[in-house]
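Participant: Let's see this in three dimensions:
(chains A and B)
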Amino acid sequence: MSLNRGVYGGVPALMVVCLILSMAAPVAAQERVDPNPGKVAVTGGLDLRNAYMFRGVLQDGTGIIAWPHADLGLGLHSGDGGLKNVSLHVGTWNSLNSGVAGSDGRSGKPWYESDVYASLGLQFGGGIGVATTYTAYTSPNSMFTTVKEVGLRLAVDDGSGRRAAAVNPYALVAFELDTQPGIGQLDGGLHAGKYLELGIAPKYGAKRLNIGVPVKLGLSLGNYYELAGKDRKLGYASFAGIVTVPLGGNDSSNGWNVHGGVEYKLLGDMPTAINDGEGSKVIGSVGVGFSY
Amino acid sequence: MRSRLVGVYAIAKVFATACLCALAATTADAARVLVISNIDFPGSVLTNAQGINAQGDIVGFYTDTAGRTHGFLQSGGYFRSIDYPNSDATQALGIGPAGDIVGTYQRPGEPAPIAGAIPIHGFLMTRRGGFFKVDYPGHQNTIAQRILPDGTILGCYHDADRMATMYGMAVSRHGFEHTTEPASMHNGATPDGQLIVGLFTDMRDNRGKAYMIDRGRFSTLEVPGSVSTAAWDVNPSSVIVGNFADSAGVVHGFQYDGQAFGRVDVTGARATRVFGINAHGDMVGAFVDAAGRTHGFLAQWVNQ
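Facilitator: From the prediction side, this is the model:
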């Protein structure tokens, strides 16, 4: 489940690559020397965390969870007109679990999830970006059936080129494809789901670190959070704090960073039921990332 | 879902020592009645409901017109058939709070490694559709009857018979465990696993009895006046449900709240069996109607 997994609000995900890496860098970052002046961008990282929830639905809350991910971006167009940039991204996102969803569970194998995606991102004037993403969420250890999804994300970068702080509001809609009852769905429900996510990703870039305070709300537009055969509209609300430290500082051309954060999730009825009746969850994480 | 109200039956609610009179079809709690609804998988010739979780999702099995057995999930009034891949007969028996389902399956033509009929395998189906075999190591048959919130699976294993080689078992993250009581089967437990209930044949008097294993301490449970008793599930409030046969050989369902037994009968049924109970006290099971056909049922307490 590569898109908007938690604390990082989609750091490893395509949409962020399309919309943030290309246009949302704070002033300090924009002024640094670009180590990769070409049209190809590679990003990736490894995150460790104590629980994995996808859009509020608990996948694993036991053991150690590692998220290796990588993304390859290709700039297709760059101009000064209304359409500023067009980019194509492909990538992979993975979850390796030592708990019940992985090596300590029925499968006995750690590789719980492997996602592949492709995305086309368009950046317009005024900081407006649109990205369309196709994602196949697969489970190498067979813990779930493959989910195929198309997502459309609209984001506004209100900080690019003007100030170090930005709110970065966005909206995401996603549609599950090719489903049958219980098959190919996040909720294991009877019908394909339609998902809406509304959020902001406030960021502040200082000299030696970046601070993010993403807030998001996950909702069902239809059958995304089915419980006992009935759709529940509220999925979750998430509040997180993230600190990212570029190695060498924000003025450095070094593409590596270390980051850590804490996320608090309030859960709706369906995610609460999956979370053993607990209506909230706190998730901590640390990781390293790179971009080139 | 084709569900109809087939009867309203009150369970005796007395707070004296368990005795036969507690099984009378009367009620001291006039504010609540038990409403029973049929569960029949569409097009089936037999339906049997085995488990229910706190959300009200119900699992069980049905037999189609060709005589094949399939598991089912009934959720929010909708039915879904469940078949373990490449199996010939699947039964869904238990469902956890997160929607994970356990049960059994058989594969056509599979040779029995020890003796007897086609081996029975346990299975786990995750909420999102992933299937896993659950086989107790070194034994021919495994029945996965119930799943707890932490993923622990309860049931039994056995070889050529269901007496001397059958033992109640639990499969958890920590491995496989089994009871030392022969001819036994774990059928349910409280969410923390501290109270396990099941059935066994007492070799001393050759009677079928229910048992409780409360924090490791084994004790038997029998409905007064019955000739056999079996416990099939227990909810978080430690209310136990199951079946018993009376002196005339008629099978009834029961619930036991630690103080008194209450009888559960579907009106007009030849036999009633209760197999599952959830945190709200809703019960599921099966009954045989006057024509000899087996139906599943849901029994829910409602305020009058």
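
Participant: Distance check, the residue nearest to A:Ala174 when sequence neighbours are not counted against chain B.
Facilitator: Leaving aside its chain neighbours, A:Ala174 sits nearest to A:Gly151 (3.9 Å; criterion: Cβ to Cβ, 6 or more residues apart in numbering or on different chains). For every residue, glycine as well, the C-beta is placed using N, CA and C. Look at A:Gly151 and chain B: by Cβ to the nearest Cβ, to the nearest Å, they are 19 Å apart.

Participant: Bridged to residue 264, which residues?
Facilitator: Unless you meant another one, I'm taking chain A. Assessed by DSSP bridges, A:Tyr264 has beta-bridge partners A:Phe239, A:Val282.

Participant: Oops, wrong one, chain B.
Facilitator: Assessed by DSSP bridges, B:Val264 has beta-bridge partners B:Gly253.

Participant: In contact with it, which residues?
Facilitator: By Cβ atoms under 8 Å, 6 or more residues apart in numbering or on different chains, the contact set of B:Val264 is B:9, B:11, B:34, B:241, B:252-255, B:272, B:274, B:283, B:285, B:299.

Participant: Also A:Lys281?
Facilitator: A:Ala51, A:Met53, A:Leu58, A:Gly61, A:Tyr264, A:Lys265, A:Leu267, A:Asn275.

Participant: In ChimeraX, how would I select the buried members of the residues you listed?
Facilitator: With 16 or more other Cβ atoms under 10 Å in any protein chain shown as the criterion, this ChimeraX line picks the buried residues out of the contacts of A:Lys281:
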select /A:51,53,58,61,265,267,275
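
Participant: So the closest residue to B:Val223 other than its chain neighbours: helix, strand or coil?
Facilitator: Nearest residue to B:Val223, sequence neighbours excluded (Cβ to Cβ, 6+ apart): B:Phe244, at 4.0 Å. Classification of B:Phe244 using DSSP: H, G, I helix; E, B strand; the rest coil returns strand.

Participant: Which residues are in contact with the closest residue to chain A within the stretch 1-150 of chain B?
Facilitator: Nearest to chain A in the stretch 1-150 of chain B, going by Cβ to the nearest Cβ, is B:Gly76, at a distance of 1.6 Å. Applying Cβ under 8 Å, 6+ apart to B:Gly76 gives the contacts A:Leu190, A:Glu226, A:Ala228, A:Gly229, A:Lys230, B:Gly56.

Participant: cool, A:Asn168 as well?
Facilitator: By Cβ under 8 Å, 6+ apart, the neighbours of A:Asn168 are A:Ile20, A:Ala24, A:Ala155, A:Val156, A:Asp157, A:Asp158, A:Gly159, A:Ile200, A:Ala201, A:Pro202, A:Lys203.

Participant: any idea how far A:Tyr204 is from it?
Facilitator: 11 Å (Cβ to Cβ, to the nearest Å).

Participant: A:Asp104 too?
Facilitator: A:Asp104 is 39 Å from A:Tyr204, by Cβ to Cβ.

Participant: Likewise for A:Leu227?
Facilitator: Relative to A:Tyr204, and taking Cβ to Cβ, A:Leu227 is found at 38 Å.

Participant: Spatially nearest residue to the residue of the stretch 1-150 of chain B closest to chain A (excluding sequence neighbours)?
Facilitator: A:Gly229 (1.6 Å).

Participant: confidence score at that neighbour?
Facilitator: We have a pLDDT of 86 for A:Gly229.
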